[in-house]
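Asks: show me how the following folds:
(3 chains)
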Amino acid sequence: MKLPLALKLLLRRRIVLFALLVLSLITVLALGAELFGRVDPNDTAVLERLRGPSGAHWLGTDELGRDVYARIVHGGRYSLLIAAGTALGAVLMGTLLGLVAGFFKRLDGPLMRLVDAMMSFPDILLAIALVAILGPSMFNVVLALVLVYTPRVARVVRASTLVLRELLFVEAARAVGVSTPLILWRHILPNLISPVLVQLSFIFAYAILAEAGLSFLGVGVPPEIPTWGTMVAGSQSYAHQAFWVVLFPGLAIIFTALSLQLVGDGVRDLLDPKLKKSMK
Amino acid sequence: MLKYLLSRLGGMAVVMAIVAVLVFLLTRAAPGDPVAVLLGDQATPADIARVRVQYGLDQPLPLQFAYWLRELAQGNLGDSIFLQRPVTQALWERAEPTLLLALMAVAVAALIGVPCGVVSAVFRGRLVDQCFTGIAMLGASIPSFWLGLVLIQLFAVSLGWFPVSGYGEPGAPLGQRLHALVLPALVLGLLNSALIIRFTRASMLDVLGEDYVRTARSKGLPEGVVVFKHALRNALVPIVTVLGLTVALMIGGAVITETVFGLPGVGNLVVNAVLRRDYPVIQGALLVIAAIYVLINFLIDLLYMVVDPRVKV
Amino acid sequence: MRSAHPAPPRRQLLLKTLAASLLSLSAGLAQPALAQGGSHATLAMVAEPQTLDPMASTADLVGTIMQHVFEPLYTFDAKWQLVPMLAEALPKVSADGKSYRITLRKGVKLHSGRELNAEDVVASLQRWMDNAPRGKAVARELAGIKALGPLELELTLKNPYAPLVAQLALPTGMAAIMAKEAIASPLKDFVGTGPYRFKERRPDQYVLLSRFEQYSARKEPANGYGGRREALIEELRFVPVPNANTRVEGALAGQYHYADLLPVEAMARLEKAPGKTVPLMTPSFGFPYIVFNTKEGVLANAALRQAVQTAMGPGEMLAAGFGDTRFFSAEPNHFPKGSPFYSTAGAEKYNQRNARLAKELAEKAGYKGEAIRVLTSRQYDFHYNMALLMAEQFKRAGLKAELVVVDWATLVQRRGEPKLWDLYITHSGQFPEPMLSPPQLGEGAPGWWSSPAKTAALEAFNREADPVKRGQLWAKVQQVVYEEVPYVNVGKFASLSARSPALQNYQPAAWPFFWNTSVKP
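Replies: Purely as a prediction, here's the structure:
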């Protein structure tokens, strides 16, 4: 049974739309943490520890009596900030790297070797080593993750740049005397937006998971910063008597990462000419 | 062909050189003193200084790097400060669980991922496709430690089918050790199958759009034959590439799973080494892991070259 | 990514062969040493021991494992009384308290086969005094040590030193007696006299100890660490399981014969699983304590330290760290009721949790809002939870706490640098002899507490030979601690461990031991 093209696109779009909605909700909650958070996420109340969801504590309390809902909302802010910082940083640096490598033939070789070298380490291992060196702080985690994901972006951008070079007859333009910055700015960069956007979305998702993983191992952000990862890490011993302390942050991670990937996929489908062609 | 081979080897060498420098700088820049850990809380500064000299940690940085390179050339990765044994031995002891886990996990990922990916591609756009793609995305959104904890609770604690952690008793036969790897392999396999599903699907779609597939169809061949005999075979090459690279990345990349399940693998070794500031181990392990990855990459390239279809077909 | 090429079957074959060879390679890889037949016990420990040299580390874990291999001259019985182990009897002390004559038991076999003699003991003690922190403290008091005969030796002190025998007895940083020829640094051969001998160590995997068939046991019935020791289990397997949750699950699943130091939260789960595991509570296991940097930084100001102590609420901190009230007790006395050192001196300064008063005191002390750096680590959950809570208590008193959470390795290193911290959190076991812990009662330990009042109180305390009078003199020391605040003893906590029902005759102890225990098949 073959559905009409428009309907297919619409179906796809709906999930993406839904994902975007979820993301917006999360973002709003996180940004407006003070408003929506209700209480101080670090407010300890040892007598109230490990209480289940109730009217006073929507998602229960953790091992120090802190409100889980507040910690998820505030934690969301930190987790999202770290992931967003990572995605933006990786995209910026990666685009720069990939652009230069793809455009200037002489720099291509050495730069790509550097990229290859960085990509020969498993992500998480490299991140662990970097954070261990730089020290546990939010900024350092972002920095480490940026370094981990930059090569990925660089490769994609380089590939696209190479294609664009040929496509846009860059050699010819340069021969005629068109200035390089102009070419880069007005012709190449705009065409890079779509692959870069896709990368942005996926790296955002990876970063959320990576930060959670680092925090779980105890080598991520300092634990007084309530990110979703540190919430799971800190409360895992209590997971059996009080599953909510681990369940809800876990769900937050899953939903956010999932939504981001759906959005990334949607953008990719939208902007992928090859796909459009093959769907005819 | 020789020219290509040499250029690839050259590229590989450059990459490894950069890796070596990166690894060395990485571990030397860290705060925290491994000697203090080894000697215990109340060691005197004199003790610490003495052992630092013993491990050559008092020399200037470039000199340390030169010493390190010379050792590498002799196949000596140095001695672990904490473990009191050569780094190569420490890595060798971890090789078995790491490799077995990687292979088992990739097998699981392939067994789940490839068929689902093929079905997804063949029935593209339909409900099946959307389901599988959705599941794949879900799989890529689940943190491995979360899945690990869930599976442990279900299969190890409640049902008791598998051990909660560890790699079998000391001296356990291979069967028991493999048994201990089932749950971690499931975790890694399930999560990686997400990638395999999507990749298989993409690869199949690529191939299904090729001319020779259309030719095969127009020849009147049944769809099943087209899909399996022609399309899948060709799509399989990049898929196997990805599987191979996945194995390579799991050597060291399975840290979280190894930690959750208490497996004495290479990833776990590195994390512990980082926490203990055991420089030789961190350096040696990162170097070996990267080398394996680069090597596997190179081998795959080689395989492509050797079996180049433009020559054979 | 590469685009697809049509792939002839040969490529598949190549790849399959590669896979197969990889698999067979891995299957033949390193096999660990094994124990066939005979009984064995799997003991889940908190971590991987840093070293197996009992003199090189004060860690509980090292002591726990190696006390099976090495024995001290004296040890503690179930009531924490000193009893002889390798020595025949308690030492003959001269009238002036400066000379200790020790006679060894006859015919004690070393793992190497020959009999132990005084030369081995002197060499071992010398090594201990050169390497172990408590050994070094003893060395300062010692004028000399020499062998008087094949089984006789004499220790001569500069001044009477009451804790001497206790120092020789403690299993951590043990004055372990080993064969003279095995002595080396680092220690490679572990030749002791214990009921088990060292077999194999695979770091992060296991330490194997196997029964020493020619063990020379004492005749008295077993009592605490003393008396007759029998290695009923053929092989002991100590496995490091750093994740506390995993130790609990393993205990519940019956995977371990013994699981050490479980989070107290797990008590409920353990109790609900009868037949699978038996929870064991060791009351008054130890005390968490917080060390103040009295040398440099904002807390070098004694008045401010007093303000900080006023803001602290150890009761609440213990609740945060241990949850269940069965597992902790907030009490001002550093030693429990019944101990000769029990005293409530300074009690009014304990557990004040008075934010208002603290703020006043801080202002008077000249506090200008500087950050108080609190060094802690995640390795022990309860340290971290207590630190978080303490930070909140400080906040209420207008004191600014800055949590510096680092790896334990980094913490151990950093606490030796006076410029890097103001407070750090750790814990210790509860010992019968005050001088054994915390190290701040000695010299040069992090915190660098040094004052005339301290010296005076400790001198009087350690010179006193009469145990009863000495017990009373502790009050003076405790008072000084509450006044000068070099450290805060947070309270007492009990530890939770679990054993499998198959492990028989296990006696709970501060450093778990497995001689005299057996495993039901």
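Asks: which parts of the stretch 1-150 of chain B are helices?
Replies: Taking DSSP state H, counting those that start in this stretch, the helices of the stretch 1-150 of chain B run over residues B:2-28, B:34-39, B:45-54, B:61-73, B:87-122, B:127-139, B:144-151.
Asks: quick one, which of these is nearest to B:Leu295?
Replies: The closest of the helices of the stretch 1-150 of chain B to B:Leu295 is helix B:2-28. By Cβ to Cβ, the value is 7.9 Å. Bear in mind the C-beta positions are built from the backbone N, C-alpha and C, glycine included.
Asks: may I see the buried residues of that closest one?
Replies: Neighbour-count burial for helix B:2-28, counted by 16 or more other Cβ atoms under 10 Å in any protein chain shown, picks out B:11-12, B:14-16, B:18-20, B:22-24, B:26-28.
Asks: so which elements touch that helix?
Replies: Here helix B:2-28 touches helix A:105-119, helix A:123-134, helix B:61-73, helix B:279-306, going by 3 or more Cβ pairs under 8 Å, 6 or more residues apart in numbering or on different chains; DSSP states H and E.
Asks: out of those, which is the most enclosed?
Replies: Mean neighbours per residue, mean count of other Cβ atoms under 10 Å in any protein chain shown, is largest over these for helix A:123-134, with a mean of 24.
Asks: wait, does whichever helix or strand comes after it contact chain B?
Replies: Sequence order places helix A:138-167 as the next helix or strand after helix A:123-134, per DSSP states H and E. No. Helix A:138-167 does not reach chain B (Cβ under 8 Å from any Cβ of the partner chain); its nearest approach is 10.3 Å.
Asks: residues contacting the next helix or strand after helix A:138-167, please?
Replies: Going down the chain from helix A:138-167, the next helix or strand is helix A:170-176, by DSSP H and E. Contact partners of helix A:170-176, identified using Cβ atoms under 8 Å, 6 or more residues apart in numbering or on different chains, comprise A:103, A:164-165, A:180, A:183, A:187-188.
Asks: try 6 Å this time
Replies: A:Ile183 (Cβ atoms under 6 Å, 6 or more residues apart in numbering or on different chains).
Asks: could you export it as CSV, CA atoms only?
Replies: Output of helix A:170-176 as CSV, limited to C-alpha atoms (Å, rounded to 0.1, in the frame of the first residue of the first chain):
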residue,chain,number,x,y,z
VAL,A,170,35.3,27.7,-6.8
GLU,A,171,38.5,27.3,-8.6
ALA,A,172,37.2,29.3,-11.5
ALA,A,173,35.9,32.0,-9.3
ARG,A,174,39.2,32.3,-7.5
ALA,A,175,41.0,32.4,-10.7
VAL,A,176,38.9,35.3,-11.8
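Asks: check contacts around C:Gly447.
Replies: By Cβ under 6 Å, 6+ apart, the contact list for C:Gly447 reads C:291, C:294, C:440, C:486.
Asks: give me that answer again for 10 Å
Replies: Contact partners of C:Gly447, counting by Cβ atoms under 10 Å, 6 or more residues apart in numbering or on different chains, are C:290-295, C:299, C:415, C:418, C:421, C:423-424, C:438-440, C:486-487.
Asks: A strand includes it, no?
Replies: No. Under DSSP: H, G, I helix; E, B strand; the rest coil, C:Gly447 falls outside any strand and is assigned coil.
Asks: need the pLDDT of A:Lys276.
Replies: Note for A:Lys276: predicted pLDDT of 44.
Asks: surely A:Val142 touches A:Thr86?
Replies: Yes. Applying Cβ atoms under 10 Å as the test, A:Val142 and A:Thr86 come out as touching, 5.4 Å apart.
Asks: among the contacts of C:Gly447, name the buried ones.
Replies: Here, 16+ other Cβ under 10 Å leaves C:290-294, C:299, C:415, C:418, C:421, C:423-424, C:438-440, C:486-487 buried among the contacts of C:Gly447.
Asks: strands - which of those land there?
Replies: C:290-292, C:423-424, C:487 (DSSP state E).
Asks: quick one on the thing from earlier: restrict the contacts of C:Gly447 to contacts with chain B.
Replies: Filtering the contacts of C:Gly447 for proximity to chain B (criterion: Cβ under 10 Å from any Cβ of the partner chain) leaves C:415, C:439.
Asks: A:Gly52 and A:Gly60 touch, don't they?
Replies: Yes. Between A:Gly52 and A:Gly60 a contact is recorded at 5.0 Å, counting by Cβ under 10 Å.
Asks: who's in contact with the residue in chain B positioned nearest to chain A?
Replies: For chain B, the residue closest to chain A is B:Gly253, as judged by Cβ to the nearest Cβ, at 2.9 Å. Going by Cβ under 10 Å, 6+ apart, B:Gly253 touches A:121-126, B:102, B:188, B:246-247, B:266-267, B:289, B:293.
Asks: can you name the residue of the stretch 51-200 of chain B nearest chain C?
Replies: Nearest residue of the stretch 51-200 of chain B to chain C: B:Gly171, at 2.6 Å (Cβ to the nearest Cβ).
Asks: run a quick neighbour tally on that residue.
Replies: 18 (other Cβ atoms under 10 Å in any protein chain shown).
Asks: could you check the pLDDT of the residue in the stretch 51-200 of chain A that chain B sits nearest to?
Replies: Proximity of the stretch 51-200 of chain A to chain B (Cβ to the nearest Cβ) peaks at A:Pro122, 2.9 Å away. Looking at A:Pro122, its pLDDT is 90.
Asks: point out where the chain drops to low pLDDT.
Replies: All of this is about chain A. A:1-13, A:34-38, A:169-170, A:223-224, A:237, A:239-241, A:271-280 (pLDDT under 70).
Asks: chain C is the one I meant
Replies: Where chain C drops to pLDDT under 70, the residues are C:1-38, C:379, C:407-410, C:413.
Asks: what strand or helix carries the closest residue to A:Phe255 other than its chain neighbours?
Replies: Spatial nearest neighbour of A:Phe255, excluding adjacent residues (Cβ to Cβ, 6 or more residues apart in numbering or on different chains): A:Val22 at 6.2 Å. Using DSSP H and E, the element containing A:Val22 is helix A:5-31.
Asks: and for A:Gln261?
Replies: helix A:244-271.
Asks: just checking, what packs against that helix?
Replies: Applying 3 or more Cβ pairs under 10 Å, 6 or more residues apart in numbering or on different chains; DSSP states H and E, we find helix A:244-271 packed against helix A:5-31, helix A:68-103, helix A:189-217, helix A:228-235, helix A:273-278, helix B:127-139, helix B:144-151.
Asks: mind running it again at 6 Å?
Replies: The elements that helix A:244-271 packs onto, with contact taken as 3 or more Cβ pairs under 6 Å, 6 or more residues apart in numbering or on different chains; DSSP states H and E, are helix A:5-31, helix A:68-103, helix A:189-217, helix A:228-235, helix B:127-139.
Asks: out of those, which one sits most buried?
Replies: Comparing those by mean neighbour count (mean count of other Cβ under 10 Å), helix A:228-235 comes out on top with a mean of 26.
Asks: using CSV, list the CA coordinates for that one.
Replies: The C-alpha trace of helix A:228-235 is given here as CSV (Å, rounded to 0.1, in the frame of the first residue of the first chain):
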residue,chain,number,x,y,z
TRP,A,228,20.1,14.5,35.5
GLY,A,229,23.2,12.3,35.3
THR,A,230,24.4,13.2,38.8
MET,A,231,20.9,12.5,40.1
VAL,A,232,21.0,9.0,38.8
ALA,A,233,24.5,8.5,40.0
GLY,A,234,23.9,9.8,43.5
SER,A,235,20.7,7.9,44.0
